[in-house]
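Asks: Next input, structure requested:
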Amino acid sequence: MNARSATVTVTAPDGLPEVRAGDDLAALVAPVVTPLVDGDVVVVTSKVVSKAEGRVVAGTREDALSGETDRVVARKGPTRIVRTHHGLIMAAAGIDASNVEQGSVVLLPLDPDASARGLRTRLRELTGANVGVVVTDTAGRAWREGQTDIAIGAAGLLVVEDFAGRVDGHGNELAVTAPAVADEIAGMAELAQGKLSGRPVAVVRGRADLVLPPGDHGTGAVALIRAEGADLFGFGAREAVLRAVAGDPGDQQVFGTPAGRDELVLALMQALGVRADTVTSFDGGCEVRDSDQPALVVVLAFAHGWVLDATTGRDRLRLRPMTP
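Replies: Numbering: from 1, shown residues only. The predicted structure follows:
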């Protein structure tokens, strides 16, 4: 049997000067990462990208938060987890007050994938190397303590490896295995960069198989963002209750596609004690009779993607799945 091994290395060089608005970031990066070779992945923190793009503003996180927020996902005390205009779910919309002059904050790049494409194109002009580029930022994880860096922008890189349909060494077919390799590269680079060392650039070498041909920038990191309603946790626990009670149709997409009738009926039975024999079907909907908690029936229905039908009567609640 032939022994096989794989080596992936990450180098985070010193020497990048302070980045200011209007700087040619690639021209600053190229000298500190040279020599690049085809297949390298250049990893750059979003902070230096934002600085070059003029995304430093006066004020505090709180001052800037509403403008960077698409919607609030969850609140706990002073902490707000929000969905940004990019679709990223982050504390305080990724607004950063570290490594910047006091009284200013750094906002995320307007379009991190476009930033990555520009860096990739310019680095090829300057170095001749065909590289992938990843723009990173730090994020927490649900159910996990601590933070790690993730890819918020990418160019020239396969951001997800799809193993669906492949077979492992025991003959088992893989169904949903899809490593988010761009995030893995971001986390690996952060180990070398550190948080306080002033090394916002790194080069990952050894995964040239993930780097796309020149001119092919790929899907970008936006492909890693789940669409509204596709995630099981579109709201925090408290916000989900609040939004269901409020019943704003604008929130319906976040709750996802309508649940099936049987799932809705089970929820009504578990939460409100509704008897199965008081629920009947009608033309694609279901009718709940003689409920002594009609308002709560409506709330539960909304959380499951169902709404009152126009034919609802005083002693019967007729519910239909909400249409897109």
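Asks: can we go C-alpha only for contacts and neighbour counts from here?
Replies: OK.
Asks: Low-confidence stretches in this structure?
Replies: 1-4, 163-166, 173-176, 324 (pLDDT under 70).
Asks: Break the chain into its domains for me.
Replies: Each domain of the chain is listed here as a residue range: 9-55+109-224, 237-321, per automatic domain parsing.
Asks: quick one: residue 30 from residue 13, how far?
Replies: According to C-alpha to C-alpha, to the nearest Å, residue 30 and residue 13 sit 11 Å apart.
Asks: nope, residue 296 is what I was after
Replies: Taken as C-alpha to C-alpha, the span from residue 296 to residue 13 is 59 Å.
Asks: ranking the domains of the chain by burial, who's on top?
Replies: domain 9-55+109-224 (a mean of 19; mean count of other C-alpha atoms under 10 Å).
Asks: ranges for the strands of this structure?
Replies: Using DSSP state E, the strands of the chain run over 9-11, 41-45, 56-58, 69-76, 79-84, 89-91, 104-106, 132-141, 144-155, 201-205, 279-282, 285-289, 306-308, 316-321.
Asks: Looking at the ones you listed, which is nearest to residue 34?
Replies: Residue 34 lies closest to strand 201-205 among the strands of the chain, at 9.7 Å (C-alpha to C-alpha).
Asks: residues in contact with that closest one?
Replies: 8-13, 16, 29, 33, 39-45, 185, 189, 192-193 (C-alpha atoms under 8 Å, 6 or more residues apart in numbering).
Asks: What pairs with that strand, parallel or antiparallel?
Replies: Next to strand 201-205 in the sheet, as set by DSSP bridges, lie strand 9-11 (antiparallel), strand 41-45 (antiparallel).
Asks: rewinding a little: present the strands of the chain as a markdown table; the columns should include distance to residue 253.
Replies: Shown next, in a markdown table, are the strands of the chain (distance: least, C-alpha to C-alpha, whole Å):
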| stretch | distance to residue 253 |
| --- | --- |
| strand 9-11 | 41 |
| strand 41-45 | 32 |
| strand 56-58 | 33 |
| strand 69-76 | 12 |
| strand 79-84 | 14 |
| strand 89-91 | 16 |
| strand 104-106 | 30 |
| strand 132-141 | 23 |
| strand 144-155 | 23 |
| strand 201-205 | 38 |
| strand 279-282 | 24 |
| strand 285-289 | 19 |
| strand 306-308 | 12 |
| strand 316-321 | 12 |
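Asks: picking up where we left off before, as a markdown table, the strands paired with strand 201-205 with distance to residue 76 would be great.
Replies: Shown next, in a markdown table, are the strands paired with strand 201-205 (distance: least, C-alpha to C-alpha, whole Å):
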| stretch | distance to residue 76 |
| --- | --- |
| strand 9-11 | 37 |
| strand 41-45 | 28 |
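Asks: If we ignore the residues flanking it in sequence, what's nearest residue 69?
Replies: Once flanking residues are discounted, residue 69 sits nearest to residue 84: 4.8 Å by C-alpha to C-alpha, 6 or more residues apart in numbering.
Asks: I figured that neighbour hits residue 65, correct?
Replies: No. Contact between residue 84 and residue 65 fails when scored by C-alpha atoms under 8 Å: they sit 9.5 Å apart.
Asks: So for those two, which residue has more residues nearby?
Replies: residue 84 (23 against 19; other C-alpha atoms under 10 Å).
Asks: OK, contacts around that one?
Replies: By C-alpha under 8 Å, 6+ apart, the neighbours of residue 84 are 68-71, 90, 93.
Asks: hmm, try it at 6 Å
Replies: By C-alpha atoms under 6 Å, 6 or more residues apart in numbering, residue 84 lies in contact with 68-70, 93.
Asks: same deal with residue 124?
Replies: Going by C-alpha under 6 Å, 6+ apart, residue 124 touches residue 130.
Asks: Output the helix ranked longest in the chain in CSV, but only the C-alpha positions, please.
Replies: Counting by DSSP state H, the longest helix found in the chain is helix 112-127. Output of helix 112-127 as CSV, limited to C-alpha atoms (Å, rounded to 0.1, in the frame of the first residue of the first chain):
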residue,chain,number,x,y,z
PRO,A,112,-17.6,41.6,-0.5
ASP,A,113,-17.8,39.3,-3.6
ALA,A,114,-17.2,42.3,-5.9
SER,A,115,-14.3,43.3,-3.7
ALA,A,116,-12.8,39.8,-3.9
ARG,A,117,-13.2,39.9,-7.7
GLY,A,118,-11.4,43.2,-8.0
LEU,A,119,-8.5,42.0,-5.8
ARG,A,120,-8.2,38.8,-7.8
THR,A,121,-8.1,40.6,-11.1
ARG,A,122,-5.6,43.2,-9.9
LEU,A,123,-3.3,40.6,-8.2
ARG,A,124,-3.1,38.7,-11.5
GLU,A,125,-2.1,41.9,-13.3
LEU,A,126,0.6,42.6,-10.7
THR,A,127,2.0,39.1,-10.0
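Asks: Show me how far that helix is from its chain's centre.
Replies: Relative to the chain's own centre, helix 112-127 is displaced by 22 Å; criterion: C-alpha atoms, centre = their mean, to the nearest Å.
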